[in-house]
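Novice: sharing a model prediction with you, sequence too.
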Amino acid sequence: MLVKAVVEILVVHEARAVDCRQVAGVEVVRESLAEVLRDAGHTVTTAADGTTALAALEQQDFAIVVTDLRMPGADGLVILRRVRELVAKKVEEKREAKQVGSSLAAELDVHAGGRTFAALARLGDDLRFVLIASRATVHRTEDAEVAVLVTPSAHPKCERCWHYRADVGADAAHPALCARCVSNLYGDGEIRRHA
Ligand SMILES: [Zn+2]
């Protein structure tokens, strides 16, 4: 008798789009992939964004993670959770002081050394999606302490992804969109280095 091993799989596919058709499209991709894997006898958990994915990973071990995000390894996740907590605290301080409106209206400069720097730097541009900010830049420091600087973004807001980006309107044909959204909607799509 053939005994099939049940594999715990986490499927992460972000619904970043505000456009209904886009959200529906992303959901179809995620849910149909999950269905195929479930039909094959696997236990599947789905996540629509990096935050949900991290929460799922903190609760459970998955044998396989299928993702359109660049997620770090297990120790990287512990580091990332710590940095996220610190970022949330710093953003909240700025919100209370009425210096930033929302997390996405903020830009982050994270100063970190050693493994923390490596774990954050590895995420590249996806770091801003995981930390829920319009920009997240990691600076290498010799200091053991992680420091987070929160500043309000001076850029316009992209009406599709809600990130505040310098390149909103860079394409005259799409004055309300950032370059990444224009590329995702009308171009070849973003370049994925790890997925
Ligand atoms: Zn955008």
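Specialist: Done, it's in.
Novice: use CA for all of it now, contacts and neighbours both
Specialist: Will do.
Novice: scan this structure for its longest helix.
Specialist: Selection of the longest helix in the chain by residue count, based on DSSP state H, yields helix 74-96.
Novice: which elements pack onto that helix?
Specialist: helix 114-121, strand 147-152 (3 or more Cα pairs under 8 Å, 6 or more residues apart in numbering; DSSP states H and E).
Novice: what's the longest one in contact with?
Specialist: Going back to what we said before, that points to helix 114-121. 72, 76, 79-80, 111, 127, 138-140, 142, 144 (Cα atoms under 8 Å, 6 or more residues apart in numbering).
Novice: re the thing from before, mean pLDDT lowest where, among the helices and strands packed on helix 74-96?
Specialist: Per-segment mean pLDDT for those reaches its minimum on helix 114-121, at a mean of 89.
Novice: after the helix-or-strand element of the chain with minimal mean pLDDT comes which helix or strand?
Specialist: Least confident helix or strand of the chain, by mean pLDDT, DSSP states H and E, is helix 20-39 with a mean of 72. On the C-terminal side of helix 20-39, the nearest following helix or strand under DSSP states H and E is strand 43-47.
Novice: each with direction, which strands does that next one pair with?
Specialist: strand 8-12 (parallel) (DSSP bridges).
Novice: for this structure, which residues score under the pLDDT cut-off?
Specialist: 1-6, 13-27, 68-75, 188-195 (pLDDT under 70).
Novice: would you map out the domains in the chain?
Specialist: As given by automatic domain parsing, the domain ranges for the chain are 8-67, 74-147, 155-188.
Novice: Val36: neighbour count?
Specialist: Residue neighbour count, defined by other Cα atoms under 10 Å, stands at 12 for Val36.
Novice: swap in Cys178?
Specialist: Counted with other Cα under 10 Å, the neighbours of Cys178 add up to 26.
Novice: what does Gln59 give?
Specialist: There are 8 residues near Gln59, going by other Cα under 10 Å.
Novice: can I get the helices and strands packed on helix 74-96 in TSV with distance to Gln59 and mean neighbour count?
Specialist: Below are the helices and strands packed on helix 74-96 laid out as TSV (distance: least, Cα to Cα, whole Å; neighbours: other Cα atoms under 10 Å):
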stretch	distance to Gln59	mean neighbour count
helix 114-121	20	18
strand 147-152	26	19
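Novice: mind giving me the packing neighbours of the helix or strand harbouring Val110?
Specialist: Per DSSP H and E, Val110 falls inside strand 106-112. When contacts are defined as 3+ Cα pairs under 8 Å, 6+ apart, strand 106-112 packs onto strand 135-140, strand 147-152.
Novice: could you find the closest non-adjacent residue to Ala147?
Specialist: Closest residue to Ala147 apart from its sequence neighbours, by Cα to Cα, 6 or more residues apart in numbering: His111 at 5.0 Å.
Novice: what about that neighbour, distance to the ion?
Specialist: Counting by Cα to the ion, to the nearest Å, the separation of His111 from the ion is 26 Å.
Novice: for that residue, give the beta-bridge partners.
Specialist: With DSSP bridges as the criterion, His111 is bridged to His139, Ala147.
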